[in-house]
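**Student:** Need coordinates for the following:
(one chain, ligands or ions: 3)
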Amino acid sequence: SPSNLTVKCGGGVEIKETQDENTSNKPIFETLNSSPDLLQKLIYDALVWTSLHGLVVGHKSVQKSGTVPGVGMVHAPFALLPMSFPKSHWEQACELAPVFNELVDRVSLDGKFLQDSLSRTKKVDAFTSRLLDIHSKMLELNKKEEIRLGLHRSDYMLDAQTKELLQVELNTISSSFAGLSCLVGDLHRNLLNHYEGLGLDSKRVPANGSVNQFAEALALAWKEYNNPRAVVVIVAQPEETNMYDQHWLSFVLKEKYPFTVSKRRGGQAVAVIYFRAGYTPNDYPSESEWRARLLMEQSLAVKCPSISYHLTGTKKIQQELAKPGVLERFMEDKDDIAKLRKCFAGLWSLDDTNVVKDAIERPESFVLKPQREGGGNNIYGKDLSETLLKLQKENSEELSAYILMQRIFPTSSQTFLIRDGICHQDQAISELGIYGAYLRSKGKVILNEQSGYLMRTKVSSSDEGGVAAGFAVLDSVYLT
Ligand code: ADP
Ligand code: MG
Ligand code: MG
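**Tutor:** Numbering: from 1, shown residues only. Ligands and ions are numbered 1, 2, ... in the order given. Modelled structure (predicted):
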């Protein structure tokens, strides 16, 4: 079994190494493991870079670090070197971005599809039910969103056995890390340029315009709203250790564009409401938050996302779209449909009793997912079997709160992961997120593009993968 070894180096940088047989499976790791001085210098330089360039988050242990900027900052967890990723799969993921953008827009317009698909979930999931209530009200009012803005992130893993790029999920609300992820690429390119001896080519780390492209999309939506005095409002959580990711975006907006960006609205017209909150039940501690969400939905402002975009990003809708024939309801282009279907993993609703039986017997091949966002909500392994058995025994309607998904197993490789100034070496796997920005105004597509990427890497023994949730580190791509 692996033993954890902590090497304390000069300059206070700690290197924790998990020792096992296949530690040095790559030349680069041989080089770095055989020259601890070089490794330590690299880590030190990387830590300095993150501090000087705002690749930072609030430290959870420091009071006020989630409310007062500049207090209790620590570098965002990151991988020391970019993660290898095949160019062909990279291109496949990038090409999918505009197709998913279009799909979200089309699905969002089919109110009946959203309500019907989520009708059984509604009975057992109070949070989804409240979202659906807002959606119903908009349908009753026959409210049309003339300007529709989507800032999405579609996440993928590369299945090791089949070599297929498979979608993990599609985020349509609060897609995070557009502000920080482009910095990780900058950091990696900088390190590769300064440490030529590593033999890695910085040009193989693709450019990442995530923060600028999201800012541009928000600015274009503001422009379409066509009121020079109207503001962009960012709805954020009262405490947010990932606030610098959001500050990057609002900073770029304020620097480059002529409007006011605010977290509060004081008697001003609002052009765009950008949600970095509202995706979890915790964001609605009382009725007043629900009233606010309803009010915003009723308003003329461009909502990013609107209630229908939000619902389109639920896991239940992902599963419904994967059913035979469903994509065809929304898309005409055969190539687009084929591209989408190719990246769908196995997805099942829990009224499929055969699959439920199979999942109870072989839980390691599945992931059980509730309709939640933000990481840390999925159920794996023994817990998965036990949960399903319990719900089945109770003949519970609660089964409809979940979906089952094929578990994807990406190839793992040796990685240096840095968190809290400490470097761990371990076998790790990655998840590639591709940002997409979509803007439609009065029947015209103004913007539909891939808008940068987010690479996240986590130790392969961990089930979940959120960076903010504490499972993964930020990474970039090294095209091979
Ligand atoms: P969330 O909306 O909370 O981010 P996800 O569906 O992205 O929910 O799941 C969270 C994490 O769980 C992912 O980042 C990934 O690490 C892991 N995960 C989710 N689905 C799968 C899957 N099908 N196979 C392997 N890992 C998965
Ligand atoms: Mg999500
Ligand atoms: Mg996710």
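**Student:** close enough to count as contact, Ile446 and Ala219?
**Tutor:** No - with contact defined as C-beta atoms under 8 Å, Ile446 does not count as touching Ala219 (11.2 Å). (Glycine included, C-beta is placed from N, CA and C.)
**Student:** Overlap in contacts, these two.
**Tutor:** With contacts taken as C-beta atoms under 8 Å, 6 or more residues apart in numbering, Ile446 and Ala219 have no neighbour in common.
**Student:** Report the mean per-residue pLDDT for stretch 408-422.
**Tutor:** For stretch 408-422, mean pLDDT is 96.
**Student:** Please point out which parts of it sit buried.
**Tutor:** Under the neighbour-count criterion of 16 or more other C-beta atoms under 10 Å, stretch 408-422 has 408-410, 412-419 buried.
**Student:** do the same with stretch 166-184
**Tutor:** Buried residues in stretch 166-184, counting neighbours by 16+ other C-beta under 10 Å, are found at 166-184.
**Student:** which ones among those residues are found in strands?
**Tutor:** By the criterion of DSSP state E, membership of those in strands covers 166-171.
**Student:** now, which of those residues lie close to ligand 1?
**Tutor:** Restricting those to those near ligand 1 by C-beta under 6 Å from any ligand atom leaves 168-169.
**Student:** Greatest separation within the ones in strands among the buried residues of stretch 166-184: which pair is it?
**Tutor:** Leu166 and Asn171 (15.8 Å; C-beta to C-beta).
**Student:** How about the backbone phi and psi for Gly70?
**Tutor:** With angles defined as degrees, to the nearest 10, Gly70 sits at phi 90, psi 0.
**Student:** Contacts for the helix or strand where His247 lies next, please.
**Tutor:** Applying DSSP states H and E as the criterion places His247 in helix 243-256. Residues from elsewhere that reach helix 243-256, judged by C-beta under 8 Å, 6+ apart: 54, 56-58, 66, 69, 73, 76, 176-180, 211-212, 214-215, 218-219, 232, 234, 236, 240, 259, 261, 276.
**Student:** Kindly export it (C-alpha atoms) in CSV.
**Tutor:** Below are the C-alpha coordinates for helix 243-256, written out as CSV (Å, rounded to 0.1, in the frame of the first residue of the first chain):
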residue,chain,number,x,y,z
MET,A,243,-14.9,35.1,-5.5
TYR,A,244,-11.7,35.9,-7.5
ASP,A,245,-12.9,33.8,-10.4
GLN,A,246,-16.0,36.1,-10.5
HIS,A,247,-14.0,39.2,-9.8
TRP,A,248,-11.8,38.5,-12.9
LEU,A,249,-14.9,38.4,-15.0
SER,A,250,-16.4,41.6,-13.6
PHE,A,251,-13.0,43.3,-13.7
VAL,A,252,-12.6,42.6,-17.4
LEU,A,253,-16.2,43.8,-18.0
LYS,A,254,-15.6,47.1,-16.1
GLU,A,255,-12.2,47.6,-17.9
LYS,A,256,-13.4,47.0,-21.4
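**Student:** Quick check: buried residues in that helix?
**Tutor:** Buried residues in helix 243-256, defined by neighbour count with 16+ other C-beta under 10 Å: 243-253.
**Student:** can I get those in CSV with distance to Asn33 and pLDDT?
**Tutor:** As requested, the buried residues of helix 243-256 are arranged in CSV below (distance: C-beta to C-beta, whole Å; pLDDT from 0 to 100):
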residue, distance to Asn33, pLDDT
Met243, 36, 98
Tyr244, 32, 98
Asp245, 32, 98
Gln246, 38, 98
His247, 37, 98
Trp248, 34, 98
Leu249, 38, 98
Ser250, 42, 96
Phe251, 39, 97
Val252, 39, 97
Leu253, 44, 97
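**Student:** which one among the residues you listed gets closest to ligand 1?
**Tutor:** Asp245 (15.1 Å; C-beta to the nearest ligand atom).
**Student:** gap between the residue nearest to the closest one when sequence neighbours are not counted and ligand 1?
**Tutor:** In space, and not counting its chain neighbours, Asp245 is closest to Gly179: 4.0 Å by C-beta to C-beta, 6 or more residues apart in numbering. With the distance defined as C-beta to the nearest ligand atom, to the nearest Å, Gly179 ends up 18 Å from ligand 1.
**Student:** Same question for Asp105.
**Tutor:** 20 Å.
**Student:** Might one say that that residue is in contact with Gly150?
**Tutor:** Yes - Asp105 is in contact with Gly150 according to C-beta under 8 Å; the separation is 6.9 Å.
**Student:** Now for those two: what residues contact both?
**Tutor:** Residues touching both Asp105 and Gly150 (C-beta under 8 Å, 6+ apart) are Tyr438.
**Student:** ok, the two, which is more surrounded?
**Tutor:** More crowded of Asp105 and Gly150, by other C-beta atoms under 10 Å: Gly150, with 28 against 21.
**Student:** low-confidence ranges in the stretch 201-350 of the chain?
**Tutor:** 265 (pLDDT under 70).
**Student:** what residues are up against the one residue in it that gets nearest to ligand 1?
**Tutor:** The stretch 201-350 of the chain approaches ligand 1 most closely through Ala345 (5.6 Å), counting by C-beta to the nearest ligand atom. With contacts taken as C-beta under 8 Å, 6+ apart, Ala345 has the following neighbours: 159, 166-168, 405-406, 408.
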